[in-house]
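Asker: Model the structure of this input:
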Amino acid sequence: MEKIETELILAVVKGAVFMARGCKSYNDYTLTVKRWLKSYNRFSITIENLQEGIADKQHELDHDVNAPVSRYDAVAGGTSELNTVERAAGRHMHIRQEIEDMKQSIFEIQASMRKIDRALDGLSETDRRLVEGHYFQGMAWEKLGSELFYSEKWARERAGKAVREMAIMIFGPKASGQRGRQLQYIFAR
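Answerer: The predicted structure follows:
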């Protein structure tokens, strides 16, 4: 079950990274930020699982007893089949590649988390409370609105604006959707 969930999170992150690179409209950036926010709590779990996977693979490499030392006979020539040394070397190369892939996944997830953290730091206290309450704690808009003495509609709209601001903070002026007034919008706050 953990492996499936880890693979799902990786697909979300890699999909979001791919989507972020290929974003064409204002809404694409906002949707990417929403996906990251919805997956944020699972990112840490995924990182832990990947780190454990790396440790397991490293242990597998360190304790591979089926990797004999190569010996050279007087008979020259070869066969089309791999000998045990070659098979072990191939297995080790495969394991090392799996470790590198897991490290790359960790790097990408951590980069996404840092972007979200910095963008959250750039929001007002109210906006941050709305975004964290809904996306991280799963609170309903109605409850968040009443907690802040506003309506459900206000909470939903204000959080939507906050997510759009986060998209601009994360992806830059291109995420604002207003080509001519991008920088003006950012500094007008």
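Asker: these two touch, right, V33 and A162?
Answerer: No - with contacts counted by C-beta atoms under 8 Å, V33 stays clear of A162, the gap being 9.8 Å. All C-beta spots, glycine's among them, are computed from the backbone N, C-alpha and C.
Asker: Which one's more surrounded, those two?
Answerer: V33 (29 against 23; other C-beta atoms under 10 Å).
Asker: so who does that one touch?
Answerer: Neighbouring residues of V33 by C-beta atoms under 8 Å, 6 or more residues apart in numbering: I116, A119, V163, M166, A167, I170.
Asker: Nearest residue to it in space, ignoring adjacent ones along the chain?
Answerer: A167 (4.7 Å; C-beta to C-beta, 6 or more residues apart in numbering).
Asker: Please save the CA atoms from the one helix or strand the one you found maps to in PDB.
Answerer: In the assignment (DSSP states H and E), A167 maps to helix 152-171. Extracted in PDB, the C-alpha atoms of helix 152-171 (Å, rounded to 0.1, in the frame of the first residue of the first chain):
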ATOM      1  CA  GLU A 152     -18.400  30.800   3.600                       C
ATOM      2  CA  LYS A 153     -18.400  32.700   0.300                       C
ATOM      3  CA  TRP A 154     -16.000  35.300   1.500                       C
ATOM      4  CA  ALA A 155     -13.600  32.500   2.800                       C
ATOM      5  CA  ARG A 156     -13.700  30.600  -0.500                       C
ATOM      6  CA  GLU A 157     -13.200  33.800  -2.600                       C
ATOM      7  CA  ARG A 158     -10.400  35.100  -0.400                       C
ATOM      8  CA  ALA A 159      -8.600  31.800  -0.400                       C
ATOM      9  CA  GLY A 160      -8.900  31.600  -4.200                       C
ATOM     10  CA  LYS A 161      -7.300  35.000  -4.400                       C
ATOM     11  CA  ALA A 162      -4.600  33.900  -2.000                       C
ATOM     12  CA  VAL A 163      -3.900  30.800  -4.200                       C
ATOM     13  CA  ARG A 164      -3.600  33.000  -7.300                       C
ATOM     14  CA  GLU A 165      -1.100  35.200  -5.400                       C
ATOM     15  CA  MET A 166       0.800  32.100  -4.400                       C
ATOM     16  CA  ALA A 167       1.000  31.100  -8.100                       C
ATOM     17  CA  ILE A 168       2.500  34.400  -9.000                       C
ATOM     18  CA  MET A 169       5.000  34.200  -6.100                       C
ATOM     19  CA  ILE A 170       6.000  30.600  -7.200                       C
ATOM     20  CA  PHE A 171       6.000  31.000 -11.000                       C
END
